[in-house]
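Undergrad: Sequence isn't available, so here's the structure alone:
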């Protein structure tokens with residue numbers, strides 16, 4: 001595939017619409033075999049190759065570097081079709097930043113008429129819910145997976161992985177794992193963003209921080225089924241250096257208005273006690289909670305929650321605790 005992207009010129013004209021830009025009879029790697037087995041991924045591959053060719057005419061060095069990064073990310077997907085599609089979408093966006101004028105693969109998919117039996121779009125029942133960047137509480141998991149990583153200038157190859165995907169169990173993707181039987185039983189799905197960097201002979205996976213004000217910080221996304229069993233974003237968990245919290249308060253006040261403020265006691269493992277400032281913004285459907293100290297005195301805690309589903313989540317946890325108490 002490296003030759004198909006980095007050295008391909010004029011390959012698009014020699015293949016049918018549902019064939020990729022490389023010879024499927026020579027496909028050996030899991031990602032290549034997956035592309036050959038899926039018509040839409042094959043079409044996306046043609047689009048990605050064409051975008052690369054356009055970008056290469058404008059900035060050859062950066063286009064080739066971007067293509068190499070894309071190929072590493074796509075290879076890390078193995079045979080995961082959704083992961084490959086996300087990598088293709090991001091690659092076309094990256095080539096677009098270099099001057100390519102093609103639509104993204106996701107846009108191309110959207111233009112294809114959906115079959116009559118396809119699932120209809122799910123509207124957000126909570127239009128006033130708070131957002132974290134481009135991710136709005138109440139959005140569906142499918143919508144989340146279609147949103148490009150907002151900080152492509154910082155991490156141009158970033159892609160999402162969720163706990164219901166096989167890749168979440170691979171080395172380097174631990175942030176996407178739930179690590180909780182209770183959350184799994186509740187139907188919770190957790191997602192996070194990652195990027196692959198070839199800092200040594202073996203590609204390494206890193207968490208992709210999501211920008212908050214002017215700093216990239218750790219952010220995790222949690223989904224819970226609604227009454228129709230649609231997975232919706234109900235909890236966004238963000239953490240970063242505690243010294244950031246003081247600077248965030250006036251910025252968030254400008255965006256959301258004056259918060260409610262209280263002080264609670266935070267205590268470390270050796271008994272030291274500290275005043276923990278807690279700021280809360282809320283509206284009819286959601287809440288933002290900012291704590292100066294999170295699970296450590298060096299870390300702030302920022303939590304976005306969707307009230308109706310958060311209440312359901314609380315009830316599930318309470319029921320679990322009730323059942324667990326019977327086993328004491």
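TA: Yep, that arrived. The model shown is predicted, which means the values in this text are computed figures rather than measured ones.
Undergrad: what bits of this structure have low per-residue confidence?
TA: Along the chain, the parts satisfying pLDDT under 70 run over 1-18, 102-122, 198-201.
Undergrad: And the helices in the stretch 151-300 of the chain, which stretches?
TA: 181-186, 243-256 (DSSP state H, counting those that start in this stretch).
Undergrad: Tabulate these in TSV, adding columns for distance to residue 24 and mean neighbour count.
TA: Just so you know, the C-beta spots here come from the backbone N, C-alpha and C atoms, and that holds for glycine as well. Formatted as TSV, those follow (distance: least, C-beta to C-beta, whole Å; neighbours: other C-beta atoms under 10 Å):
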stretch	distance to residue 24	mean neighbour count
helix 181-186	37	14
helix 243-256	50	14
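Undergrad: quick one: buried residues of stretch 88-95?
TA: Residues 88-95 are the ones in stretch 88-95 that count as buried (16 or more other C-beta atoms under 10 Å).
Undergrad: Strands of the chain, residue ranges please.
TA: Assigned by DSSP state E, the strands in the chain fall at 131-132, 135-136, 159-162, 189-197, 204-207, 210-212, 215-225, 231-241, 260-267, 273-282, 286-291, 299-306.
Undergrad: name the helices or strands packed onto the fifth one?
TA: Contacting strand 204-207 under the criterion 3 or more C-beta pairs under 8 Å, 6 or more residues apart in numbering; DSSP states H and E are the following elements: strand 189-197.
Undergrad: Next, the angle strand 231-241 makes with the strand it packs on.
TA: With axes from the mean of the first three to the mean of the last three C-alpha atoms, to 10 degrees defining the directions, strand 189-197 sits at 50 degrees from strand 231-241.
Undergrad: Give me the contacts around strand 189-197.
TA: With contact meaning C-beta atoms under 8 Å, 6 or more residues apart in numbering, strand 189-197 is reached by 69, 72-73, 76, 141, 144, 149, 155, 157-164, 172-173, 175-178, 183, 203-208, 210, 219-223, 231.
Undergrad: I'd like the buried residues of stretch 88-95 laid out as TSV, including distance to residue 255.
TA: Below are these laid out as TSV (distance: C-beta to C-beta, whole Å):
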residue	distance to residue 255
88	34
89	29
90	28
91	32
92	31
93	26
94	29
95	33
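Undergrad: between those, which is nearest residue 126?
TA: The closest of the buried residues of stretch 88-95 to residue 126 turns out to be residue 89 (C-beta to C-beta; 26.6 Å).
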